[in-house]
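Chemist: Quick one: sequence plus predicted model below, questions after.
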Amino acid sequence: SNSFCTLLAPLGMAHYSRRDYWDTRYAEKGGDVVEMHLPWARMDADIVEAVRTAADVADGRILVPGCGTSRVPEDLHDALRQTEEFKRRPVIRIDCVDWSTTLITALKQRASKDETRRAGISY
């Protein structure tokens with residue numbers, strides 16, 4: 001949005017608010033994993049505990065907005081499968097969204113090659 005651009009422009013980061021920037025970036029890099037936050041191993045226990053106890057996941061659905069190329073959705077799925085609450089669920093539904101269609105296409109390709117076939121993750 002314009003307000004987002006206004007906030008980022010003085011920081012020299014206005015390009016981050018443009019979809020064409022992300023489409024170009026993901027077209028060049030494909031679905032290569034880039035973690036723009038802590039590695040999973042440094043945050044897994046905190047995230048799993050928060051998701052496990054959150055009322056919002058009573059139906060087993062989790063939204064990952066701005067998913068980028070992170071493997072956090074896959075790691076989260078695998079970690080939740082180990083908890084008692086989620087072992088009883090037939091499917092853990094994780095919806096990963098991003099505004100770059102180039103990225104989503106790359107993520108779908110990456111998922112199709114994933115031998116673990118995490119059926120509950122969608123892009």
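Modeler: Nice, I can see it.
Chemist: all contacts plus neighbour counts: C-alpha atoms, from now on.
Modeler: Noted.
Chemist: residue nearest the centroid of the protein?
Modeler: The residue lying closest to the centre of the chain (C-alpha atoms, centre = their mean) is residue 67, at 3.0 Å.
Chemist: for that residue, helix, strand, or coil?
Modeler: Assigned state for residue 67: coil (three-state reduction, DSSP: H, G, I helix; E, B strand; the rest coil).
Chemist: So it is in contact with residue 97, correct?
Modeler: Yes. Assessed by C-alpha atoms under 8 Å, residue 67 is found in contact with residue 97 at 5.8 Å.
Chemist: and the residue nearest to residue 27 when sequence neighbours are not counted, how many residues sit next to it?
Modeler: Excluding its sequence neighbours, the residue lying closest to residue 27 (C-alpha to C-alpha, 6 or more residues apart in numbering) is residue 102, at 6.3 Å. A total of 19 residues lie near residue 102 under the criterion other C-alpha atoms under 10 Å.
Chemist: if I look at residue 102, how far off is residue 23?
Modeler: As judged by C-alpha to C-alpha, to the nearest Å, residue 102 and residue 23 stand 5 Å apart.
Chemist: And residue 73, by the same measure?
Modeler: Distance, residue 73 to residue 23, by C-alpha to C-alpha: 21 Å.
Chemist: Give the bridge partners for residue 63, please.
Modeler: Residue 63 has these beta-bridge partners by DSSP bridges: residue 95.
Chemist: Mind giving me the packing neighbours of the longest helix belonging to the chain?
Modeler: Of all the elements of type helix in the chain, the one with the most residues (DSSP state H) is helix 40-53. Applying 3 or more C-alpha pairs under 8 Å, 6 or more residues apart in numbering; DSSP states H and E, one finds that helix 40-53 contacts helix 72-81.
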